[in-house]
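1. What would the 3D arrangement of this be:
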Amino acid sequence: MQGYTDIRTGGLIGRLPAGWRPYALLARLDRPIGSWLLVLPGFWAFAIAAPGWGEGARLALLFGLGAVAMRGAGCVVNDLWDRDIDRRVERTRGRPLASGAVTPFRALVFLAGLCLVGLLVLLQLNRVAILFGLLSLLPILLYPLAKRVTHWPQAMLGLVFSWAAPEGIAAATGQVDLVALLLWAAAFCWILGYDTIYAHQDREDDAAVGIGSTALRFGDRTRPFLAACYAAMLGFLAAAGWAAGLGWAFLPGLLLPAALLARQVALLDIHDPGACLRLFKANREVGLAVALAFLLGRA
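-> Residues are numbered from 1 along each chain as shown. Sure thing, here's the model as predicted:
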């Protein structure tokens, strides 16, 4: 009987040439939610600070392409670090490096190609954004180590996946200001929450192999922790809108993402991996709703 896994080999992945499929799976192209979650804080930045619709759309397209490439690169780095652990975890033992479908050398070559795409995107931005983007490489490389030394690897992921918020402000305005820092803090709290939900899929396997997570740290106390993360996120978002001088309409606009987040807290069942995955994926709509709220404030 096949165990629980979130790897998807059908759909567009199944229609790729056989030799391409392991690399598509290695870059998680079967699960675009990761790219969405990586780019959405950047969309918040463009909604709150882009100088015009045209420039906002250009930056959104660039960040979208960069998110796919760099999320894929991050997954390759993660799987190179974790291939021995992944073989021992039910959800991940089918990953290409863990299963042997891709060798470490070929994964490194693929990683170089993804990084080249990311670099080409980065070079389309201003100097401040380029320098800030290069700084993101360090936490990307260190993230897989965090789970080996702390129960808070979700905090390291929060640092990585929230990077698009200040990066987006830098790309739109040429500086990293108070609004950038408040958006960064909001995104960090959001990611800390939703990645704790995601980590509950592997809670028992993680405990068995000796790696840490906030899912293990909080266990049955996850719901109040999640509520605190999401409340802090909304507070930082409100502060960012105020600091940016948005019109009053952005505040009632935040009621929609607040309701979506409250739904996650209410429906959380840490003992149902499939339900945890569904709640995790629902954060795409949360992120889009936040961007809409900021756009309402600029209308």
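
2. Can you name the next helix or strand after the longest helix seen in the chain?
-> Scanning the chain for the helix with the most residues, using DSSP state H, yields helix 53-86. Once the chain leaves helix 53-86, the next helix or strand it forms, by DSSP states H and E, is helix 96-99.

3. List the neighbours of that next one that are in contact with it.
-> Helix 96-99 is touched from outside by 22-23, 25-26, 79-80, 82-84, 86-87, 92-93, 102, 104, 107, with contacts defined as C-beta atoms under 8 Å, 6 or more residues apart in numbering. For glycine as for every other residue, the C-beta is placed from the backbone atoms N, C-alpha and C.

4. hmm, 7 Å instead?
-> Residues from elsewhere that reach helix 96-99 (C-beta atoms under 7 Å, 6 or more residues apart in numbering): 22, 25-26, 79-80, 83, 86-87, 92-93, 102, 104, 107.

5. now the residues you listed in CSV, with neighbour count, distance to residue 184 and pLDDT?
-> Formatted as CSV, these follow (neighbours: other C-beta atoms under 10 Å; distance: C-beta to C-beta, whole Å; pLDDT from 0 to 100):
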residue, neighbour count, distance to residue 184, pLDDT
22, 21, 35, 90
25, 25, 31, 90
26, 23, 29, 92
79, 25, 27, 90
80, 15, 27, 90
83, 19, 31, 87
86, 21, 30, 80
87, 16, 35, 83
92, 23, 29, 78
93, 16, 35, 83
102, 21, 34, 92
104, 11, 33, 94
107, 20, 30, 95
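
6. And the longest helix of the chain, what does it pack against?
-> Helix 53-86 sits against helix 21-26, helix 33-49, helix 96-99, helix 104-122, helix 137-149, helix 164-173, with contacts defined as 3 or more C-beta pairs under 7 Å, 6 or more residues apart in numbering; DSSP states H and E.

7. Can I get the first one as PDB, trimmed to CA atoms?
-> Spelled out, it's helix 21-26. This file holds the C-alpha atoms of helix 21-26, laid out as PDB (Å, rounded to 0.1, in the frame of the first residue of the first chain):
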ATOM      1  CA  ARG A  21      10.000  14.600 -15.200                       C
ATOM      2  CA  PRO A  22      12.500  14.000 -12.300                       C
ATOM      3  CA  TYR A  23      13.900  17.500 -12.700                       C
ATOM      4  CA  ALA A  24      10.400  19.000 -12.800                       C
ATOM      5  CA  LEU A  25       9.600  17.100  -9.600                       C
ATOM      6  CA  LEU A  26      12.900  18.200  -8.000                       C
END
